[in-house]
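Trainee: below is the sequence, then the predicted model.
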Amino acid sequence: MRKTGVPTRIVALLNQKGGVGKTTSTVTLGAAIAELGRRVCLIDLDPQGHLSLSLGIDGGTVGHTVYDLLVDPDVPVADAIVRARPNLDVLPSNVDLAAAETELANHPERHRLLADRFEPMLAKYDYVLLDCPPSLGLLTLNALSLAREVVVPMQAQFLAMQGLSKLLETVALISEGVNPELKVAGTLLCMHETQSTHGREVVNELDRFFEDAAGSGVPWENAKVFRPAIRRNVKLAESPSFGQTIFDYAPWCPGALDYRTLAERFARDWERSHGVADPQFNPAPQPPPPAPPKPPPPRGAKASETPAAPANVPASPVASARLVRAATDVRPSAKVEVAPAKVEVPASPPKPAPRTPREPADAKPATVEVIPPKAVKAT
């Protein structure tokens with residue numbers, strides 16, 4: 001349900017560097033806000049279509065995509081939007097989007113095509129999040145023409161800070177011409193390692209940088225480092241292979257908890273800044289009760305030799321999920337009866353009877369002659 005008087009928040013998640021968590025943050029932040037009861041639309045502007053795949057949507061078979069909206073003005077926007085979850089819609093993408101820059105090279109308003117087409121749909125949503133490709137081409141320009149804010153997912157590393165400074169310069173150029181309303185909302189720390197001294201130093205430097213920019217009139221004068229930082233968690237990397245959000249796959253892992261907290265703060269700060277004193281959200285899901293401890297086996301009982309059944313693997317509509325299921329699916333092997341081999345052991349030859357020595361016919365009984373000791377003469 002839309003909040004009266006609160007405008008739609010349109011945010012582009014952008015970073016020129018790949019592999020920093022843009023798609024994961026777009027999907028997970030959007031899904032978390034949808035859980036709060038707000039209407040969310042995610043726009044996939046990456047030709048790889050990873051945002052769509054993360055939600056179990058195959059851009060190659062779904063029908064119309066964002067590519068059709070850009071190149072064909074007769075395609076209705078509503079026909080390209082897919083309902084992925086309750087309160088969560090997706091404008092999917094596929095590999096055809098890579099050809100859009102070439103096909104639209106001579107279009108006079110090529111950088112505003114997405115903004116012009118999607119503008120009538122904004123009233124339906126509370127939040128619109130755009131997943132940008134890792135480049136500053138035509139697709140990114142279309143995203144920044146529609147967006148009102150930029151969030152920069154990044155890692156707390158020295159080279160990432162250097163890339164951030166170049167990105168801010170680009171946003172400043174676009175805000176001077178294409179979209180004067182564009183601002184930088186802040187940075188989102190992904191794959192964060194709290195134990196790293198280098199990471200803490202980078203975070204402190206970012207805080208000081210944004211504090212110094214306050215009131216300077218630049219597009220990032222009100223930017224901040226969003227908290228909490230998203231801790232490194234392998235579950236966030238696993239969930240897309242099953243076409244599930246982290247809240248479907250592992251809702252109580254550290255990554256899910258971080259994104260859920262971030263989404264609530266993200267939505268509450270926006271609505272409070274537009275006159276909603278106490279935003280009301282859907283109740284947060286509660287963790288399941290702990291399983292009761294298993295009773296100890298009876299005294300003297302032997303442990304079962306039957307192996308434990310494998311954990312259930314959730315189904316997935318994408319090819320990568322089928323590979324995972326194939327790797328984890330344990331099927332009972334067919335029962336094969338092997339007849340015992342017949343081995344013929346040769347019989348041992350009979351043992352010969354013990355031979356008694358034969359005596360000659362004229363043999364006489366042996367006699368023992370005792371020779372008396374010789375007499376010893378006394379001297």
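Mentor: Arrived safely. Residues are numbered from 1 along each chain as shown.
Trainee: now the helices for this protein?
Mentor: All helices of the chain, identified by DSSP state H, fall at 22-35, 50-54, 66-71, 77-80, 100-103, 113-118, 138-146, 158-176, 197-213, 234-238, 246-249, 254-272, 319-328.
Trainee: now those in CSV, with distance to residue 224, mean pLDDT and mean neighbour count?
Mentor: Backbone N, C-alpha and C define where each C-beta goes, glycine included. What follows is the helices of the chain, written out as CSV (distance: least, C-beta to C-beta, whole Å; pLDDT from 0 to 100; neighbours: other C-beta atoms under 10 Å):
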stretch, distance to residue 224, mean pLDDT, mean neighbour count
helix 22-35, 16, 96, 26
helix 50-54, 25, 93, 26
helix 66-71, 30, 94, 23
helix 77-80, 33, 94, 14
helix 100-103, 33, 89, 15
helix 113-118, 26, 94, 20
helix 138-146, 20, 94, 23
helix 158-176, 13, 90, 15
helix 197-213, 6, 93, 14
helix 234-238, 23, 93, 16
helix 246-249, 24, 94, 21
helix 254-272, 10, 95, 19
helix 319-328, 36, 46, 13
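Trainee: how about TSV for these, with distance to residue 7 added?
Mentor: Written out in TSV, the entries for these read as follows (distance: least, C-beta to C-beta, whole Å):
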stretch	distance to residue 7
helix 22-35	15
helix 50-54	24
helix 66-71	22
helix 77-80	19
helix 100-103	28
helix 113-118	15
helix 138-146	14
helix 158-176	18
helix 197-213	24
helix 234-238	30
helix 246-249	26
helix 254-272	9
helix 319-328	38
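Trainee: wait, which of those is closest to residue 298?
Mentor: Proximity to residue 298 (C-beta to C-beta) singles out helix 319-328 among those, at 32.8 Å.
Trainee: mind listing what the residue nearest the centre of the chain touches?
Mentor: When the chain is reduced to its mean C-alpha position, the closest residue under C-alpha atoms, centre = their mean turns out to be residue 237, at 2.1 Å. With C-beta atoms under 8 Å, 6 or more residues apart in numbering as the criterion, the residues that contact residue 237 are residue 24.
Trainee: residue 24 versus that one, what's the distance?
Mentor: For residue 237, the distance to residue 24 (C-beta to C-beta, to the nearest Å) stands at 8 Å.
Trainee: again with residue 279
Mentor: Taking C-beta to C-beta as the measure, residue 279 and residue 24 are separated by 25 Å.
Trainee: ditto for residue 57
Mentor: Applying C-beta to C-beta, the value for residue 57 to residue 24 is 16 Å.
Trainee: try residue 197
Mentor: 26 Å.
Trainee: and if you look at residue 285?
Mentor: The span separating residue 285 from residue 24 equals 20 Å under the rule C-beta to C-beta.
Trainee: equivalent analysis for residue 171, please.
Mentor: Here residue 171 is placed at a distance of 22 Å from residue 24 (C-beta to C-beta).
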